[in-house]
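Visitor: below are the sequence and a predicted model for it; my questions follow.
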Amino acid sequence: MVRKPATLKDVAALANVSRATAARALNSYGYVGDETGRKVQAAAETLGYRGNRLAQALRGGRLPVIGCILGDIQNPFFARIAHDIEVLCRECGHNLVIASSEEELEQEISLLASLQSLGIRGFIVAPASAEGNSHLQRLTAEHVPIVMVDRVAEDVECDSVAVDNEGGARKAVDYLIGMGHHRIGLLQDNARIFTSRERMNGYHAALSANDIKANDRIVSVSQSTVEHAVDATIRLFSQKTPPTALFTVDSLMTQGALLAFRSMGISIPYDVSLIGFDDFNLATFTDPQITVVSQPVSEIGRTAARLLFDRLSGKSNDMQKIRFETKLVVRGSVSHRSGR
């Protein structure tokens, strides 16, 4: 027979006190004498009593849960961010609720509203849009702690952790130009997403600084999935005069481009050079290995979580906008090209 869990009534009976007194002793509110408190705690231990932590937290207005809404938790980058946030949450005695906006602003709004209704203490969010974030503005106006991770909503004043996306993209395109490439294709995500916009700006800044005219025909927009990136790359390189090099704005697009090149019989780096933003596991297992713009992903999630807990504990008053530097990791996917 399965033994029923001990209840507050059982604890009170064993300690020979009222249920109200047992509740005060176990939940640390109101007055309970030292001797009575010890009796109640001893009874609880004897019976293996476990209180309803959710109910206790709701009564105190301090639910030990953090909400985390990311763009797409199937993306390895966001999966690592979520993992690192969850580890630090456990270290701080909190649990983590993770959700995916799937890069849809309306879904992000709905998720935030649902999680806020549960009394969650604070949020870490990768905004689906750089603008139009009245839902986040409302939360900050209500003094709900928010930390933006990976992305920045330009119309929201709160702590944030990101990288120098524009500078990283510029490093990549400058390197391609230095290797003799002038028809440099761009595979990008929707421009309303902060990271995509910043990386596109870096691409254009590098072209402009080197007196290369931008060409919309060699820019392709794709959803950030391998499948969509395959199709976008095939369209881009089916042109009569395709690019001699390609810069992709995230690791899933880089993987999609690799599959597309294989299906088209295009050889890297002899037929086309390739640089992707964000490193990924397979980048060093391909032949050649892929040159990437690397970002310190191991620091981003933990830093965002630490900012949030500092805010919750009152350790931090000044708004913090942390930007990590990126690094161009040169491997074998870029070849030198003579002439224009």
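Guide: Done, it's in.
Visitor: going by C-alpha atoms from here, please, whenever you check contacts or count neighbours.
Guide: Will do.
Visitor: what residues go with each domain of the protein?
Guide: Under the assignment automatic domain parsing, the domains of the chain span 8-51, 63-163+297-324, 165-295.
Visitor: average pLDDT for the shortest one, rounded please.
Guide: The average of the pLDDT scores along domain 8-51 is 82.
Visitor: distance from that domain to the middle of the chain?
Guide: Taking CA atoms, centre = their mean, to the nearest Å, the mean C-alpha location of domain 8-51 is offset from the chain mean by 43 Å.
Visitor: dihedrals phi and psi, residue 199?
Guide: The phi/psi pair for residue 199 (degrees, to the nearest 10) reads phi -70, psi -40.
Visitor: which ones are touching it?
Guide: Applying CA atoms under 8 Å, 6 or more residues apart in numbering to residue 199 gives the contacts 165-170, 249.
Visitor: what about 7 Å?
Guide: By CA atoms under 7 Å, 6 or more residues apart in numbering, residue 199 lies in contact with 165-166, 169, 249.
Visitor: ditto for residue 337
Guide: 179-181.
Visitor: recalculate using a threshold of 10 Å.
Guide: Taking CA atoms under 10 Å, 6 or more residues apart in numbering, we find residue 337 in contact with 176-182, 244-245, 270, 272-273.
Visitor: got the residue ranges for the strands in this structure?
Guide: Remark: strands assigned in the chain by DSSP state E are 63-70, 95-100, 120-125, 146-149, 159-163, 184-188, 219-221, 245-248, 273-277, 291-294, 321-324, 327-329.
Visitor: those: which one's closest to residue 25?
Guide: strand 63-70 (19.8 Å; CA to CA).
Visitor: who does that closest one pair up with?
Guide: Applying DSSP bridges, strand 63-70 is found paired with strand 95-100 (parallel), strand 120-125 (parallel).
Visitor: just the helices in this structure please.
Guide: For the chain, helices defined by DSSP state H occupy the ranges 8-15, 19-27, 34-47, 53-60, 76-91, 105-116, 134-141, 165-178, 194-209, 226-237, 251-264, 297-312.
Visitor: would you single out the least confident of those helices?
Guide: Within these, the stretch with the lowest mean pLDDT is helix 53-60, showing a mean of 54.
Visitor: ok, back up a step: dump the helices of the chain to a markdown table, plus distance to residue 325.
Guide: As requested, the helices of the chain are arranged in a markdown table below (distance: least, CA to CA, whole Å):
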| stretch | distance to residue 325 |
| --- | --- |
| helix 8-15 | 54 |
| helix 19-27 | 46 |
| helix 34-47 | 52 |
| helix 53-60 | 39 |
| helix 76-91 | 16 |
| helix 105-116 | 28 |
| helix 134-141 | 26 |
| helix 165-178 | 8 |
| helix 194-209 | 14 |
| helix 226-237 | 26 |
| helix 251-264 | 18 |
| helix 297-312 | 11 |
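Visitor: understood, closing this out.
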